[in-house]
Structures are given as C-alpha cells and as structure tokens.
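> Mind folding the following:
(one chain, ligands or ions: 3)
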Amino acid sequence: MSVVKKEYKRITVKSLVEMKQNGEKISMLTAYDYSMAKIVDAANIDAILVGDSASNVMAGHETTLPITLDQMIYHASSVVRAAKRALVVVDIPFGSYQSDSKEALRSAIRIMKESGAHAVKVEGGSEIKESVGRILQAGIPVMGHLGLTPQSIYKFGTYTVRAKEEEEAQKLKDDAKLLEELGCFAIVLEKIPAKLAKEVAESVSIPIIGIGAGGHVDGQVLVVHDMLGMTHEFHPRFLRRYLNLYDEMSNAISQYVADVKSKDFPNDEESY
Ligand SMILES: Nc1nc(=O)c2c([nH]1)NC[C@@H]1CN(c3ccc(C(=O)N[C@@H](CCC(=O)O)C(=O)O)cc3)CN21
Ligand SMILES: CC(C)C(=O)C(=O)O
Ligand SMILES: [Mg+2]
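Ligands and ions are numbered 1, 2, ... in the order given. Okay, the predicted model is just below:
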C-alpha cells in the first residue's frame, strides 16, 4: 500500500499580491493556537493572523496592550505547527517596536526565528516608518495596519469609526502610500468608511485587507472566535456570525455536568 502524502501549495506574500492583480479576494482569519489553526488552515484560508487580539480573546485583557512578545511567540509557534498552506502573519505587540527601529527589528527577528512565521504586522504609518524600513531591509515581510489601531486606543478613547473627517482621511491615504513605497506587502484597514477604503485599495498596488472597511477592498479579515460566535458579547456592525458556538458549547457543557451529577456518564460501554 502506498502512502499518498497530501501536497499543499504554500501561499506566499507574492501569492497575495497576485490575487489582487487577478481580482481574487483574499480570505484571512485569526488563530492563536494549534487546534484552531488546523481547522482554519484545512478550510483553505489564504492567510492566518496571529493577532494581538489574543490579549482579549485568549487572556481576557480589556485591550491588546498587555500581551508580551514572548506570549505572541508562543501563540505564533503553535499556529505555525498547524498551518500547512496558509501564510502566517504575526502582530508585533505594543511596546516591542515603538521605541526605536533597532528594537523593532530585534522583535521582528525574534518572531521569525522563534515561531517560524512568514511575516509580521505593525500598526501605524509615518510615525513608524524607520522601523518598517529596517524590518523590511532584513528581508522580513511587513503588513501594515491603519484606521482603527487598537494599540493606540488610549489616544482616541473609543473604538468608533476612524477617518470620517477629511484631515484624518488624507493622513490615512498618505500613510497607505508610504507603507507601499517602503515595501509592505499588504495593509489592514480597520473600521473606516467603505468609500475611503475603496479609494485606498484603488490607489495602491498591494492588497488591502479590510475589517469593517466595506466590500471594495482586496480581502477580509475577522477574529475567528467572533465569526464562530464564541465571543457573544461582541457584536460590532462589521461582524457576520456563521455559528453560535457560545450557545452550542454552553449547552454541551451543561449536559456533561448534568450527566456526571446524574451518574449517566460514564455508562458501562464507556468503562473498562
Ligand atoms: N474579539 C475581538 N475581535 C476584534 O475584532 C478585535 C479584538 N477582539 N481585539 C482587538 C481589536 C479591537 N477591535 C475592535 C473593538 C471594538 C470595535 C467596536 O466596533 N466596538 C463597539 C463600538 C464602539 C463605539 O462605537 O464606540 C461595538 O459596536 O461593538 C471594533 C473593533 C478589533 N479587534
Ligand atoms: C483585528 C485584526 C486585524 C488584528 O489586528 C488582531 O486580531 O489583532
Ligand atoms: Mg492586532
């Protein structure tokens, strides 16, 4: 009997750029652990984001600020072991790239070396251009992130739609151009008007991946726990829920508790 090994064609940063050129939309979801990443990868997702939203979803923090570089590397290495096909992108966490470009490069190198991921993502535009440039010079692909940038939540105070006013919209457009010129392979645009996101997507040649940025961009990203309905208290307008896993899991776990209490579990067939 011959063992047929399943062949996967790895998605690369180049594949994503080609997908934009061919008008094929890019699908991206987060994952923070091996079991979830296995499922996401096997469903033919194009890219997996090891988001610093792990700070909220995995660790229960109020914001993305507390998660550390070591913790991101732990999540990323678990995801990399599962992902056979998807491109794996890792958020550099707050505090690991803002001080200076050397620190930024050191953080990016640690992520690439210790997790085996394929690219990093950073929040911001002109403020971090030296850091982005330096990481790119080392041969590490960088994804940008503009619009609602959760690592600077305390500067804004709210998670409302960004760049509704002309001045902020113009800065966002300039930042997108700058990130493209620096050599970023893609940009996430979070929670901005669809019209502005469309303009940006049409003005740059690198893929624009939206979350709450409308349908006229090159791809979409969501937090996987949100679209599966595990974070049932979170319901922004941009979120489409494909399952209500919170309810399904609650019911299953309640049933297990009841079965143990009533001595229904385990039965003879489940015993030795
Ligand atoms: N589970 C989860 N999903 C995410 O998409 C996500 C995280 N966590 N953590 C990091 C950031 C934070 N993000 C957010 C947070 C809040 C809204 C939001 O729309 N919140 C309110 C509205 C707030 C307002 O208008 O003032 C809402 O409608 O739920 C959007 C994206 C996106 N990221
Ligand atoms: C929401 C996405 C884009 C993200 O940055 C994250 O999950 O951390
Ligand atoms: Mg993030």
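
> For stretch 37-50, C-alpha coordinates in PDB please.
C-alpha atoms of stretch 37-50 as PDB (Å, rounded to 0.1, in the frame of the first residue of the first chain):
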ATOM      1  CA  ALA A  37      -5.300  26.900  13.200                       C
ATOM      2  CA  LYS A  38      -5.600  23.300  12.000                       C
ATOM      3  CA  ILE A  39      -9.200  23.800  11.200                       C
ATOM      4  CA  VAL A  40      -8.800  27.200   9.700                       C
ATOM      5  CA  ASP A  41      -5.900  26.100   7.500                       C
ATOM      6  CA  ALA A  42      -7.700  22.900   6.300                       C
ATOM      7  CA  ALA A  43     -10.600  25.100   5.200                       C
ATOM      8  CA  ASN A  44      -8.300  26.700   2.600                       C
ATOM      9  CA  ILE A  45      -7.900  30.200   4.300                       C
ATOM     10  CA  ASP A  46      -5.300  32.200   2.400                       C
ATOM     11  CA  ALA A  47      -3.700  33.800   5.500                       C
ATOM     12  CA  ILE A  48      -3.800  33.400   9.200                       C
ATOM     13  CA  LEU A  49      -3.200  36.300  11.500                       C
ATOM     14  CA  VAL A  50      -1.800  35.600  15.000                       C
END
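
> Any residue of that stretch touching ligand 3?
No - Stretch 37-50 lies apart from ligand 3 when judged by C-beta under 5 Å from the ion; the minimum separation is 7.3 Å. Every residue, glycine included, has its C-beta placed from N, CA and C.

> quick one: that stretch to chain centroid distance?
11 Å (C-alpha atoms, centre = their mean, to the nearest Å).

> Then stretch 190-204?
18 Å.

> Okay, M28 and ligand 2: tell me how far apart.
8 Å (C-beta to the nearest ligand atom, to the nearest Å).

> Over to that residue. Which of the three states is it?
Following DSSP: H, G, I helix; E, B strand; the rest coil, the label given to M28 is strand.

> quick one: it and V224 touch, right?
No - using C-beta atoms under 8 Å as the test, M28 is too far from V224 to be in contact (10.0 Å).

> Have a look at the chain and report the helix or strand with the lowest mean pLDDT.
helix 153-156 (a mean of 96; mean pLDDT, DSSP states H and E).

> Go through the next helix or strand after that one and flag the buried ones.
Toward the C-terminal end, the helix or strand that comes next after helix 153-156 (DSSP states H and E) is helix 166-182. The neighbour-count check on helix 166-182 (16 or more other C-beta atoms under 10 Å) flags 169, 172-173, 175-176, 178-180, 182 as buried.

> what residues does the chain put near ligand 1?
Contact residues (C-beta under 6 Å from any ligand atom) of the chain with ligand 1: 53, 56-57, 64, 150, 158-160, 191, 223, 225-226, 231, 234-236.

> Among the residues you listed, which ones lie close to ligand 3?
Of those, not one also sits near ligand 3 (C-beta under 5 Å from the ion).

> Pull out the buried members of those residues.
53, 56-57, 64, 150, 191, 223, 225-226, 231.

> Can you tell me which of these is nearest S271?
Closest approach between these and S271, by C-beta to C-beta: H225, at 35.0 Å.

> if you look at the least confident helix or strand of the chain, does any of it touch ligand 2?
No - applying C-beta under 6 Å from any ligand atom, one finds helix 153-156 separated from ligand 2 by no less than 12.1 Å.

> For that helix, what is the distance to the chain centroid?
Worked out by C-alpha atoms, centre = their mean, helix 153-156 lies 20 Å from the chain centre.
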